[in-house]
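Colleague: build me a structure from this.
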Amino acid sequence: ARDRCIRYVYEKRAQLVSAELDPDHTVRLDRNFFNNSRTAERHPWASLKIANYWLIVTEFLEQALAWLA
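Modeller: Next comes the predicted model:
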């Protein structure tokens with residue numbers, strides 16, 4: 001049986017910033033395109049953006065419910 005995972009080793013002097021597998025999204029069997037990349041440092045901007053979208057949607061729904069009441 002062949003292993004499904006392959007471990008790549010980065011052996012350069014330059015500092016690694018990010019890595020991405022299949023950047024053109026040519027593999028159609030991939031179910032989740034969001035897990036194809038990693039960054040060396042974690043950036044909180046993505047979670048803050050999602051939290052702001054959630055806040056906007058909930059405020060809009062609250063305003064709509066208040067208008068209907």
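Colleague: find the centremost residue of the chain, please.
Modeller: Closest to where the C-alpha atoms of the chain average out (Cα atoms, centre = their mean) is F34, at 4.6 Å.
Colleague: for the worst-scoring helix or strand of the chain on mean pLDDT, packing partners?
Modeller: Least confident element among the helices and strands of the chain, by mean pLDDT, DSSP states H and E: strand 37-39 (a mean of 81). Helices and strands touching strand 37-39, by 3 or more Cβ pairs under 8 Å, 6 or more residues apart in numbering; DSSP states H and E, are strand 18-20. Every C-beta, even on glycine, is put in place using the N, C-alpha and C of the backbone.
Colleague: what packs against the strand it packs on?
Modeller: Right, strand 18-20 is packed against strand 37-39 by 3+ Cβ pairs under 8 Å, 6+ apart.
Colleague: adjacent strands (with direction) for the strand it packs on?
Modeller: strand 18-20 (antiparallel) (DSSP bridges).
Colleague: return the set of buried residues in the strand it pairs with.
Modeller: Within strand 18-20, no residue counts as buried by 16 or more other Cβ atoms under 10 Å.
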